[in-house]
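S.K.: compute the structure for the input listed below.
(chains A and B)
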Amino acid sequence: RKEVEQDPGPFNVPEGATVAFNCTYSNSASQSFFWYRQDCRKEPKLLMSVYSSGNEDGRFTAQLNRASQYISLLIRDSKLSDSATYLCVVRMDSSYKLIFGSGTRLLVRP
Amino acid sequence: DAGVTQSPTHLIKTRGQQVTLRCSPKSGHDTVSWYQQALGQGPQFIFQYYEEEERQRGNFPDRFSGHQFPNYSSELNVNALLLGDSALYLCASKEGNEQFFGPGTRLTVL
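M.R.: I've put the predicted structure just below:
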């Protein structure tokens, strides 16, 4: 079983749509959680950290459910520029080793 | 600030050869991590360097080795290349709770 699992997609949505991605992680000792965005043939970039209380950054909302070992990302009012691969990431401890899921691909169409 | 830089951007090698990839972290960052990203997968942690020593290692064979220099820059060496080593190799340095990735070196093994 992979340590971090995501639906690979692709999710193909029209502009303005709301789309949600889910992710599960296997190790209950995971301490920190993130969503990274990766454009085609580019490096991953931090989109947002994920906290148990839930957090929002503009059109993006992230949620963490430690009991279910489940992380989500909600994107409202999708833009063409949101088209990318979204990587769910966990970190076990303070060593900064990141454990990535395989990513979920989002395509936003006009 | 140039951010994390890596060289070369692309590289083609044949099976059995050896390769050296280079990384310069963001100014002031003293910890460097290396990741391997195969096509369609998330990045996989190779190892992390701090104070010129390997501090943590992922599930990679001894053919993968590294080095960190006093100026915090780092090298990743891969010996006896296999076809399966073809991937994007990413270097990352950290600041606070965030890791910043370089643009990567795309290695093709023929």
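S.K.: ok, residue 85 - contacts?
M.R.: Here I'm looking at chain A. A:Thr85 makes contact with A:Arg37, A:Gln38, A:Asp39, A:Cys40, A:Gly103, A:Thr104, A:Arg105, A:Leu106 under the criterion Cβ atoms under 8 Å, 6 or more residues apart in numbering or on different chains. In short, each C-beta sits where N, CA and C put it, glycine included.
S.K.: chain B is the one I meant
M.R.: B:Val78, B:Leu107, B:Val109.
S.K.: top of these by neighbour count?
M.R.: B:Val78 (24 neighbours; other Cβ atoms under 10 Å in any protein chain shown).
S.K.: quick check on it: phi, psi?
M.R.: For B:Val78, the backbone dihedrals are phi -130, psi 120 (criterion: degrees, to the nearest 10).
S.K.: with adjacent residues omitted, what lies nearest to it?
M.R.: B:Val19 (5.1 Å; Cβ to Cβ, 6 or more residues apart in numbering or on different chains).
S.K.: run a quick neighbour tally on the residue of chain B found nearest chain A.
M.R.: Proximity to chain A, evaluated over chain B using Cβ to the nearest Cβ, is greatest for B:Gly42 at 3.1 Å. Counted with other Cβ under 10 Å, the neighbours of B:Gly42 add up to 23.
S.K.: please apply the same query to A:Asp7.
M.R.: 14.
S.K.: residues in contact with it?
M.R.: So A:Asp7 contacts A:Phe21, A:Asn22, A:Thr104 (Cβ under 8 Å, 6+ apart).
S.K.: give me the neighbour count for B:Glu75.
M.R.: 17.
S.K.: per-residue pLDDT, it?
M.R.: If you check B:Glu75, the pLDDT there is 98.
S.K.: against A:Asp77, how distant is it?
M.R.: Using Cβ to Cβ, to the nearest Å, B:Glu75 is found at 44 Å from A:Asp77.
S.K.: ranges for the strands of the chain?
M.R.: Assuming you mean chain A. Counting by DSSP state E, chain A has strands at residues A:4-6, A:11-14, A:19-25, A:32-38, A:44-50, A:55-57, A:60-65, A:70-75, A:84-91, A:98-100, A:104-109.
S.K.: ah, I was thinking of chain B
M.R.: Going by DSSP E, chain B shows strands at B:5-7, B:10-13, B:19-24, B:31-37, B:44-50, B:53-57, B:64-68, B:74-78, B:87-95, B:98-101, B:105-109.
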